[in-house]
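**Student:** Just the structure for this:
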Amino acid sequence: YVLWINSYDNASGYHVFTSASPLGTFVEGAEPKLAVQGAGKGVNNGDFGLFVDSNGTAYIVHTDVANQANLYVEQLNTSYTSGTGNNVRVGQSGVESPDIFKYKNTYYLVYGPSCPYCNNAKTEYSTSTSLPGTWSAPTTLNNNSCAGQASFVALLPTTAGTTYMYASDLWNN
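**Tutor:** Predicted structure coming up:
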């Protein structure tokens, strides 16, 4: 099991922990290296989402806070603990809270404006047929993120197939 957390005390902006059980004990590994990261401590990379494709290849989508909050998708190594350098800038800036899911043969990247603790911020998405590929221009999914800020899309198995559940965070300053 691999656990990523974000932090502002290193260049990548993340810490990675592994465990033989989802209940722990988790042990911190080396700092992950990403193609886009800072040179030292500080607010470098922020919000992120992790995605494992059907072939077992994992990706991180993250916000490059230090450079206009641009979104990047990078392939992870086979242990899911660091980047490979194979990455693409999605094309959106001023955004955060990214998450990726796949529906049929299309990847969906959901995100919102860079607006910490914002309520009523719109949720947008871009699509691609390849994670390291070209991403579409943004499309608005929801004008007010259900009175919160975009957070994630959960895939829930049901007897009729997969249900996609959108969630937003409701912040209280």
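
**Student:** Near residue 139, how many other residues are there?
**Tutor:** When neighbours are defined as other C-beta atoms under 10 Å, residue 139 has 10 of them. (C-beta placed from N, C-alpha, C; glycine too.)

**Student:** Now it: closest residue in space, sequence neighbours ignored.
**Tutor:** residue 125 (5.7 Å; C-beta to C-beta, 6 or more residues apart in numbering).

**Student:** Confirm for me that the one you found is in contact with residue 137.
**Tutor:** No: with contact defined as C-beta atoms under 8 Å, residue 125 does not count as touching residue 137 (10.5 Å).

**Student:** Those two: which has the busier surroundings?
**Tutor:** The neighbour count for residue 125 versus residue 137, taken as other C-beta under 10 Å, is higher for residue 125 (22 against 9).

**Student:** Phi first, then psi, for the more buried one.
**Tutor:** Dihedral pair for residue 125: phi -150, psi 150, per degrees, to the nearest 10.

**Student:** What pLDDT is listed against it?
**Tutor:** In this model, residue 125 is scored at 94, pLDDT.

**Student:** same deal with residue 173?
**Tutor:** As predicted, residue 173 sits at a pLDDT of 59.

**Student:** now do residue 117
**Tutor:** At residue 117, pLDDT is 66.

**Student:** What ranges does this structure have for its strands?
**Tutor:** 2-6, 14-18, 27-28, 45-52, 58-64, 70-76, 83-89, 95-103, 106-113, 123-128, 139-142, 149-158, 161-169 (DSSP state E).
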